[in-house]
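> just need the structure, nothing else, for what follows:
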Amino acid sequence: MNEAARKKTIDAVFELYPRSRKHIYESFDRLEDDLTRTQQMILLALSVQDDLSMSQLADRICTSNEQATRAVSQLVIKGYVNRAKNKQNRRVVNISLTDKARDYIAAAKKRAYDDSLDAVKHTSDEDMEIVRNAVEAILDVLNRTGSRTL
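The predicted structure follows:
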């Protein structure tokens, strides 16, 4: 693939990002909580892979260790996450979800699912299959290359 084609791929991701971001954040916003976007991203990241070190978590949400640490501290106070020393390396702190956080994420995802299903109710099964295959292919490439972004 030449450079122009690669740029078109990245442009497509730039177009998709605000749409998906808006949809996800709206599902959280309707829960009437007081979580920041960073805190929401932390909960989502931990819902995909629980028990991450602070460095892994910061990398996963594309922020600094300092900002992740501040957000995690507030989530601990609110009862959404736990901190625990890593058994292999006591200097490493692992972050995991509490049951309260799992319930919160389930509620946010249910709202997102309900809104999404309503939004695509007139979309054909064939078009939905195209979207699903495209998203799965993107995730597969990112996972194989070890990249968090394109």
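> helices or strands next to the lowest-mean-pLDDT helix or strand in the chain in the packing?
The least trusted helix or strand in the chain, going by mean pLDDT, DSSP states H and E, turns out to be helix 3-29, with a mean of 83. The contact analysis (3 or more CB pairs under 8 Å, 6 or more residues apart in numbering; DSSP states H and E) places helix 3-29 against helix 37-48, helix 99-119. (Each C-beta comes from the backbone N, C-alpha and C, glycine too.)
> could you dump those helices to CSV with mean pLDDT and distance to Val81?
Shown next, in CSV, are the helices and strands packed on helix 3-29 (pLDDT from 0 to 100; distance: least, CB to CB, whole Å):
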stretch, mean pLDDT, distance to Val81
helix 37-48, 92, 7
helix 99-119, 89, 6
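> residues touching Leu139, list them.
Taking CB atoms under 8 Å, 6 or more residues apart in numbering as the definition of contact, Leu139 has no neighbours.
> my read is it is in a helix, agree?
Yes: inclusion of Leu139 in a helix is indicated when DSSP: H, G, I helix; E, B strand; the rest coil is applied.
> pLDDT at it, what is it?
Leu139 carries a pLDDT value of 84.
> please report how far it lies from Gln40.
Distance, Leu139 to Gln40, using CB to CB, to the nearest Å: 20 Å.
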